[in-house]
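In: Please work out how this folds:
(one chain, ligands or ions: 1)
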Amino acid sequence: MKEIVIKDKRFNLYISPKQIRQRLDDLSHELNKAYHSKNPVLLIVLNGAFIFAADLIRALEVDPQTQFIRISSYEDEMQSSGKVRQVFGQDMPLTGRHVLIVEDIVDTGHTARYLRELLQEQHPASVAMVSLLFKPEAFEGGTPPEYVGFEIPPDFVVGYGLDYAQLGRELQGIYRLAEGG
Ligand code: 5GP
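Out: All right, here's what the predicted structure looks like:
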């Protein structure tokens, strides 16, 4: 198994670039059907979702408009702090629009809940979330992501946009923290 070192931690390849591409094909077919003629607004959650969103948006055929929002909760740690704060927000009116939130990963679900509540204030026609990764065992409730790339165990992962201390985002696959770190 391919092992890499980032800063002080060892990681093993967990999801290969090929597996990501194949899953993205299926996800984009599903989304193209669900959002046909809906011209959704893709609300891309920075920083981690930028690579997933870049690949996804180019596979969508639904005339999406894009907006970015930055939320922080981890602050360079490997555990979710549980606190969610908005760092900068999007400014497009969303009333009556179909909003698709694009996330890298849903862990406890705090960020997702915060985002959905924030969006409801603007009375969109619909809100759904596509998340590349979902950790069902870590999820603490609320609405789970409607579209999921991969369900994974509650382990720390990096790559394909996800970082460890701002490192590793450029990796083409997804790597999981090795046993014993
Ligand atoms: P939640 O609010 O669902 O607990 O956490 C969501 C955010 O925590 C994600 O958008 C991501 O930034 C970060 N996060 C959760 N799990 C991981 C992980 O395994 N690796 C990395 N790099 N970030 C994670």
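
In: Could you list which residues are in contact with residue 16?
Out: Neighbour list for residue 16: residue 173 [criterion: Cβ atoms under 8 Å, 6 or more residues apart in numbering]. (C-beta placed from N, C-alpha, C; glycine too.)

In: need the helices for the protein, in chain order.
Out: Applying DSSP state H to the chain gives helices spanning 17-34, 50-59, 110-120.

In: any chance of the ones you listed in JSON lines, plus distance to the ligand?
Out: Below are these laid out as JSON lines (distance: least, Cβ to the nearest ligand atom, whole Å):
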{"stretch": "helix 17-34", "distance to the ligand": "15"}
{"stretch": "helix 50-59", "distance to the ligand": "11"}
{"stretch": "helix 110-120", "distance to the ligand": "3"}
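
In: By mean pLDDT, show me the worst of these.
Out: With a mean of 92, helix 110-120 has the lowest mean pLDDT of the helices of the chain.

In: same for that one, what does it pack against?
Out: strand 41-46, strand 65-72, strand 98-106, strand 126-134 (3 or more Cβ pairs under 8 Å, 6 or more residues apart in numbering; DSSP states H and E).
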